[in-house]
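1. take this sequence and fold it.
(one chain, ligands or ions: 1)
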Amino acid sequence: MKKKELTDFEKHVIIDKGTEAPFTGEYCDLKGSGIYLCKQCGTPLYRSVNKFNSGCGWPSFDDEIEGTVRRTPDPDGRRTEITCANCGGHLGHVFDGEGFTPKNTRHCVNSVSLTFVPDENYDPDAAVVKHDPETAYFAGGCFWGVEHLMQQQEGVLSVESGYMGGTVENPTYEQVCAKNTGHAEVVKVTYDPDRVSYLTIAKLFFEIHDPTQAGGQGPDLGEQYRSEVFYTSLQQKATAERLIKMLRLKGYDVVTKVTPATTFWPAEEYHQDYYDRKGTQPYCHTYTKRFD
Ligand SMILES: [Zn+2]
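-> Coordinates of the predicted model:
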């Protein structure tokens, strides 16, 4: 990742999570049409159409460019810090429920954490930091169905069926089905984070299987068909937990476990692209909208 050399004051805010004094930042009252990039790494974070005047003394936005801003509760639990999802640079805090705009969200961002680029000067190819493909693992019942539906998501580069979460090295399908290795049937999703966010993929996961069914999925019963998110970063963990919380608030009794990823064992060749090769549709998975 290419990072800009920061001045002492930029370091104070972006690295040491400081705050610039209110009404002092250069973008506080800026109204021009354009895009706001992360000062440190150049990732586009906010669009001027989402900027509004909150009177608080810092640039305020009611939405971010999807997947580019990470939320982390402050240690005292009172506020939620926002950082650049790419480089971790501190931006400010986010507040919900204040009613400033219909989106009901205020990203309160230090000007010094941002670089504004007017529309006429914005070259997406030059400004966008290209990210390497990322990996996500989900267990949601028979991997044939999860794989089939995940493959249809824009930005997903490949989906592979396999096993994770057990105790035996290189397990076979028969061993996993015998239910004594502890593995779950999982899919390995490789995606382009510049085209699709983990949030979108994780939402899809919760909508193509039933996260409220314990001990199996649909007609497939057994712990190898359990619902589980295996995360590869703390950001993925936080996203999965946030989605589970959202579903619980909607009344879903979610049983999905959230666990650090361990070794992924690819399944036997005849399990890969099962439905594509058969030309049929999954018996065990369908899409059900659960998020707004
Ligand atoms: Zn950044």
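2. show me what the helix ranked longest in the chain is packed against.
-> In the chain, ranked by residue count with DSSP state H as the criterion, the top helix is helix 234-249. Judged by 3 or more C-beta pairs under 8 Å, 6 or more residues apart in numbering; DSSP states H and E, the packing partners of helix 234-249 are strand 69-73, helix 198-208, strand 227-231, strand 257-260. C-betas here are computed from N, CA, C, even on glycine.
3. kindly recompute the last result at 7 Å.
-> helix 198-208, strand 227-231, strand 257-260 (3 or more C-beta pairs under 7 Å, 6 or more residues apart in numbering; DSSP states H and E).
4. after the lowest-mean-pLDDT helix or strand in the chain, which helix or strand is next?
-> Using mean pLDDT, DSSP states H and E, helix 124-127 stands out as the lowest-scoring helix or strand of the chain, at a mean of 63. Helices and strands here follow DSSP states H and E; after helix 124-127, the next one along the chain is strand 134-140.
5. that following strand to helix 234-249, inter-axis angle?
-> Angle of strand 134-140 versus helix 234-249, following axes from the mean of the first three to the mean of the last three C-alpha atoms, to 10 degrees, is 40 degrees.
6. who touches strand 134-140?
-> Residues from elsewhere that reach strand 134-140, judged by C-beta atoms under 7 Å, 6 or more residues apart in numbering: 146, 164, 184-191, 193, 198, 201, 205, 208-209, 217, 226-230, 232, 236, 261, 264.
7. that strand pairs with which strands, parallel or anti?
-> strand 184-191 (antiparallel), strand 227-231 (antiparallel) (DSSP bridges).
8. tally of neighbours for the closest residue to Tyr27 other than its chain neighbours?
-> Closest residue to Tyr27 apart from its sequence neighbours, by C-beta to C-beta, 6 or more residues apart in numbering: Ser111 at 4.1 Å. Close neighbours of Ser111, defined as other C-beta atoms under 10 Å, add up to 20.
9. who touches the closest residue in space to Thr83 that isn't next to it in sequence in this structure?
-> Setting aside the residues directly before and after it, Thr83 is nearest to Arg70 in space (C-beta to C-beta, 6+ apart), at 4.9 Å. Arg70 makes contact with 82-83, 85, 235 under the criterion C-beta under 7 Å, 6+ apart.
10. what segments of the protein are helices?
-> With helices called from DSSP H, the chain shows them at 8-14, 124-127, 143-150, 173-177, 198-208, 234-249, 274-278.
11. among those helices, which comes closest to Gly34?
-> Nearest to Gly34, of all the helices of the chain, is helix 124-127, at 10.8 Å by C-beta to C-beta.
12. got phi/psi on Cys56?
-> phi -90, psi -20 (degrees, to the nearest 10).
13. tell me the contacts of it?
-> Contacts of Cys56 by C-beta under 7 Å, 6+ apart are 22, 108.
14. number of residues surrounding Ala261?
-> Neighbour tally, Ala261, other C-beta under 10 Å: 18.
15. that one contacts Phe230, doesn't it?
-> Yes: if you go by C-beta atoms under 7 Å, Ala261 and Phe230 touch, sitting 4.0 Å apart.
16. who touches both of those two?
-> Common contacts of Ala261 and Phe230 (C-beta under 7 Å, 6+ apart): 137, 164.
17. how about the strands paired with strand 134-140 in CSV, adding mean pLDDT, mean neighbour count and distance to Leu243?
-> Putting those into CSV (pLDDT from 0 to 100; neighbours: other C-beta atoms under 10 Å; distance: least, C-beta to C-beta, whole Å) gives the following:
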stretch, mean pLDDT, mean neighbour count, distance to Leu243
strand 184-191, 97, 24, 15
strand 227-231, 98, 23, 9
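18. can you redo these as a markdown table with distance to Asn53?
-> Converted to a markdown table, the strands paired with strand 134-140 look like this (distance: least, C-beta to C-beta, whole Å):
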| stretch | distance to Asn53 |
| --- | --- |
| strand 184-191 | 37 |
| strand 227-231 | 38 |
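19. nearest to Asp74, out of these?
-> strand 227-231 (21.7 Å).
20. extract the CA atoms of that closest one and return them as PDB.
-> Extracted C-alpha coordinates of strand 227-231, given in PDB (Å, rounded to 0.1, in the frame of the first residue of the first chain):
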ATOM      1  CA  SER A 227     -24.100 -21.900  10.100                       C
ATOM      2  CA  GLU A 228     -20.700 -20.300  10.800                       C
ATOM      3  CA  VAL A 229     -18.700 -17.300   9.600                       C
ATOM      4  CA  PHE A 230     -15.000 -17.900   9.600                       C
ATOM      5  CA  TYR A 231     -13.300 -14.500   9.500                       C
END
